[in-house]
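Student: model this:
(one chain, ligands or ions: 1)
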Amino acid sequence: MKQLELLYEGKAKQVYATDDSERIIIRFKDTATAYNNLKKAVIANKGVLNNDISAMLYRHLEAAGIRTHFIEKLNERDQLCRRVSIIPIEVIVRNIVAGTMAQRLGMEEGTRPSNTIIDLCYKRDDLGDPLINDDHAVALGLVTYDELKGIYATTRRINEVLTALFDRVDITLVDFKIEYGRTSDGEIILADELSPDTCRLWDKLTGEKLDKDRFRRDLGKIIEAYGEIDRRLKRLEE
Ligand code: 5GP
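Tutor: Numbering: from 1, shown residues only. Reported below is the predicted structural model:
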């Protein structure tokens, strides 16, 4: 597999073409951003940990029968993935109220609702990733209602698998953001990373935040928290 030109550079990742038109290489960087780029920093080794964590989570999802873009981890910073066209919708799953939902609805962070909440946001930095509903997503031409039905079903299944997985290592999966992409033959599969950058993860015993909120809220010990997630998930692979 030969790495070719840079196709895309995001806030925390680079995407490279390969000599196989159906495969790309994703490189995890150490940069972190929050609040639509207002807060920026370099967190040494974050990319290495996120690559490792994302690879482990994707392997578990694949083993549970979820179709994803993940093929294999290549080295410390790179993973080989199927090439997809990303659907510009952030699908956010909330098991516990936190972050923007707590702020928007005046709810206390940490409230556990009786249902699981799925939000859709339109992935547009210039608009601040606005919250949208199914009708907006269809009106924007991003997906059909039928495709949304599949996306919701897969998302609920992903939540079940990941919640159970984190439960085994004494971590509460509070919420997370995922993205989907279309393959060249039109199949919609899970894409992008799954890491403490994209999930809220709280220690079950202490309630300690082990995710990007440590960066967003200046709580310190960011890399230690990411390292703790990596170590606990590794235990499951032994
Ligand atoms: P909130 O809407 O509370 O900011 O985020 C809900 C969940 O989705 C959190 O786990 C958060 O990390 C993730 N999330 C939402 N939007 C983004 C985004 O633009 N980038 C990343 N990395 N994660 C996001």
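
Student: and the ligand, is stretch 54-61 touching that?
Tutor: No: shown here: stretch 54-61 not in contact with the ligand (C-beta under 6 Å from any ligand atom), separated by at least 11.5 Å. C-beta coordinates here come from the backbone N, C-alpha and C atoms, glycine included.

Student: for this protein, what spans make up the strands?
Tutor: Assigned by DSSP state E, the strands in the chain fall at 3-9, 13-18, 23-28, 31-34, 39-42, 70-73, 78-82, 85-86, 89-94, 117-122, 131-132, 171-182, 188-191, 199-203.

Student: mean neighbour count and mean pLDDT for these - can I get that in JSON lines?
Tutor: Shown next, in JSON lines, are these (neighbours: other C-beta atoms under 10 Å; pLDDT from 0 to 100):
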{"stretch": "strand 3-9", "mean neighbour count": "12", "mean pLDDT": "96"}
{"stretch": "strand 13-18", "mean neighbour count": "18", "mean pLDDT": "98"}
{"stretch": "strand 23-28", "mean neighbour count": "22", "mean pLDDT": "98"}
{"stretch": "strand 31-34", "mean neighbour count": "17", "mean pLDDT": "96"}
{"stretch": "strand 39-42", "mean neighbour count": "11", "mean pLDDT": "96"}
{"stretch": "strand 70-73", "mean neighbour count": "18", "mean pLDDT": "98"}
{"stretch": "strand 78-82", "mean neighbour count": "20", "mean pLDDT": "98"}
{"stretch": "strand 85-86", "mean neighbour count": "13", "mean pLDDT": "98"}
{"stretch": "strand 89-94", "mean neighbour count": "21", "mean pLDDT": "98"}
{"stretch": "strand 117-122", "mean neighbour count": "17", "mean pLDDT": "98"}
{"stretch": "strand 131-132", "mean neighbour count": "17", "mean pLDDT": "98"}
{"stretch": "strand 171-182", "mean neighbour count": "21", "mean pLDDT": "98"}
{"stretch": "strand 188-191", "mean neighbour count": "20", "mean pLDDT": "98"}
{"stretch": "strand 199-203", "mean neighbour count": "22", "mean pLDDT": "98"}
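
Student: redo those strands as JSON lines? Include distance to residue 156.
Tutor: Compiled in JSON lines, the strands of the chain are given as follows (distance: least, C-beta to C-beta, whole Å):
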{"stretch": "strand 3-9", "distance to residue 156": "29"}
{"stretch": "strand 13-18", "distance to residue 156": "26"}
{"stretch": "strand 23-28", "distance to residue 156": "25"}
{"stretch": "strand 31-34", "distance to residue 156": "27"}
{"stretch": "strand 39-42", "distance to residue 156": "32"}
{"stretch": "strand 70-73", "distance to residue 156": "20"}
{"stretch": "strand 78-82", "distance to residue 156": "23"}
{"stretch": "strand 85-86", "distance to residue 156": "21"}
{"stretch": "strand 89-94", "distance to residue 156": "8"}
{"stretch": "strand 117-122", "distance to residue 156": "8"}
{"stretch": "strand 131-132", "distance to residue 156": "19"}
{"stretch": "strand 171-182", "distance to residue 156": "11"}
{"stretch": "strand 188-191", "distance to residue 156": "13"}
{"stretch": "strand 199-203", "distance to residue 156": "16"}
